[in-house]
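Q: Give me coordinates for this.
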Amino acid sequence: MNYCSLGSLIGLVGLLPALAQNGDRKGHDKMGKIVPEELIPPAPVLTVEEALKTFTIEKGFIIEPVAAEPLVDKPVALTFDPSGRMWVCEMRGYMPDIDGKLENMATGRIAILEDTTGDGKADKRTTFLDKIVLPRAISLVPGGILYGDQNNLYFVARNGDKPKGKAVVVDDKFAPGGNVEHKTNGLMSGIDNWLYNAKSNARFKFIPGENKIIKDTTAFRGQWGISRDNFGRLFHNSNSTLLIGDRVLPNLLNGNKLAKMKAKTTERIGSNAVFPGRVTPGLNRAYISSHNGYSSNTIDPKTFKLTNATGACGPVIYRGNNLPSSVNGNGFVCESSAQLIKMIGLEDKDGTLKGSHPL
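A: Next up, the predicted model:
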């Protein structure tokens with residue numbers, strides 16, 4: 001069993017923070033190596049057991065494996081059913097080579113992962129649906145599931161753990177344009193029973209019995225992942241902004257469609273500073289450095305570590321009770337290129353959201 005790094009796994013669940021660049025940026029012809037090779041530690045492929053010994057964990061937290069290969073393959077999005085089982089989108093066709101060729105092959109799957117022994121680890125897999133082109137979003141709805149692929153949003157009825165009939169397109173403009181990196185993802189249920197997305201200004205409501213959806217406009221949010229707090233406010237981010245939050249409930253200021261509200265409804269929460277535990281040579285635009293004659297630095301020219309987020313993804317507002325109570329309501333964001341997860345403390349006061357960095 002091989003293990004992909006925590007950064008890679010969470011980056012995939014948060015929907016893919018990197019894609020091969022097509023050519024060089026104009027004026028960016030100085031791309032000399034920045035990090036001395038003798039400072040770059042080995043990065044061998046590890047088993048799950050070996051990898052667990054390499055993590056640095058904050059006091060009060062633990063890390064445990066839940067699922068890994070071969071039980072699951074290239075997970076990018078998941079949701080839970082009432083029995084606590086995970087329904088997982090496996091984007092197996094993503095970047096089969098450095099040029100992304102053959103990504104349009106229908107190799108993606110939706111799998112159900114289940115813990116049958118009660119030890120907190122998935123030990124049973126059921127493939128619910130296969131032959132999907134780059135599946136990226138999933139939501140369980142009455143009588144079936146909604147899922148998004150590279151272009152469309154589908155409904156497929158189900159009989160238990162098996163699909164009943166063929167998938168039906170309910171929106172053929174779910175994920176329009178762009179590459180894999182810049183397409184709709186999410187289908188997260190809000191407290192108003194609408195399904196919200198990142199990298200999109202559309203929200204959806206499923207109509208049980210009719211197996212149809214209502215599509216409505218909402219504010220454009222985020223890039224890779226979406227979450228919400230106990231009040232129902234939505235949180236999202238972009239590659240270089242760790243966390244952005246809505247000040248009010250979604251569409252609250254859109255009651256009258258004839259009135260165009262210009263009020264600021266979102267807030268960037270906290271700084272984008274990150275603190276990697278090792279040098280970070282493998283970054284997008286890491287060559288931008290004073291060592292190469294540029295006026296700015298992607299990585300610190302002295303420590304050779306990333307200073308601010310460049311691959312943020314998968315934001316989560318923690319609302320459970322398994323972690324210390326002091327972090328309930330805080331944000332957790334993966335910076336996959338630096339292989340870390342950052343906690344952001346949330347403060348809500350006088351209609352303003354602020355972020356702190358308690359760790």
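Q: Relative to T107, how far out is V76?
A: Using CB to CB, to the nearest Å, one gets 13 Å for the distance from V76 to T107. All C-beta spots, glycine's among them, are computed from the backbone N, C-alpha and C.
Q: Look at the two and report which has more neighbours.
A: Neighbour totals were compared for V76 and T107, and V76 leads with 27 against 21 (other CB atoms under 10 Å).
Q: May I ask you to confirm that that one belongs to a strand?
A: Yes - assigned with DSSP: H, G, I helix; E, B strand; the rest coil, V76 falls within a strand.
Q: Leaving out chain neighbours, which residue sits closest to it?
A: Nearest residue to V76, sequence neighbours excluded (CB to CB, 6 or more residues apart in numbering): M91, at 4.4 Å.
Q: That neighbour and A137 touch, don't they?
A: No - assessed by CB atoms under 8 Å, M91 is found out of contact with A137, at 10.7 Å.
Q: hmm, back to that, per-residue pLDDT, the residue nearest to V76?
A: Each residue has a pLDDT score; the one for M91 is 96.
Q: That one: neighbour count?
A: M91: 26 surrounding residues under other CB under 10 Å.
Q: same question, F275
A: F275 has 14 neighbours, counted by other CB under 10 Å.
Q: now T184
A: Neighbour count of T184, defined by other CB under 10 Å: 23.
Q: Just the pLDDT for it.
A: 96.
Q: again, but for G11
A: As summarised for this prediction, G11 has a pLDDT of 37.
Q: Provide a list of residue ranges in this structure with pLDDT below threshold.
A: Residues of the chain meeting the criterion pLDDT under 70: 1-24, 255, 261.
Q: Could you chop it up by domain?
A: What automatic domain parsing lists as the domains of the chain is 25-43+222-359, 66-221.
Q: among the ones you listed, which is nearest K59?
A: Taking CB to CB, domain 25-43+222-359 is the member of the domains of the chain nearest to K59, at 9.3 Å.
Q: Do me a favour and get the end-to-end distance for the closest one?
A: 36 Å (CA to CA, to the nearest Å).
Q: next one: it to chain centre, how far?
A: The chain centre lies 12 Å from the centre of domain 25-43+222-359; the measure is CA atoms, centre = their mean, to the nearest Å.
Q: what does stretch 174-191 give?
A: Chain-centre distance of stretch 174-191: 11 Å, with CA atoms, centre = their mean.
Q: again with stretch 72-87
A: The mean C-alpha position of stretch 72-87 is separated from the chain mean by 14 Å, CA atoms, centre = their mean.
Q: Extract the CA atoms of that stretch and return them as CSV.
A: Output of stretch 72-87 as CSV, limited to C-alpha atoms (Å, rounded to 0.1, in the frame of the first residue of the first chain):
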residue,chain,number,x,y,z
VAL,A,72,-9.7,4.5,-2.5
ASP,A,73,-8.0,6.1,-5.5
LYS,A,74,-7.4,9.8,-6.1
PRO,A,75,-10.3,11.2,-4.0
VAL,A,76,-11.3,14.8,-4.6
ALA,A,77,-14.7,15.3,-2.9
LEU,A,78,-16.9,13.4,-0.5
THR,A,79,-20.1,13.6,1.5
PHE,A,80,-21.5,11.4,4.3
ASP,A,81,-24.8,9.6,4.4
PRO,A,82,-26.9,9.1,7.5
SER,A,83,-25.1,5.9,8.3
GLY,A,84,-21.7,7.7,8.4
ARG,A,85,-20.5,6.2,5.2
MET,A,86,-18.4,8.3,2.8
TRP,A,87,-19.5,8.8,-0.8
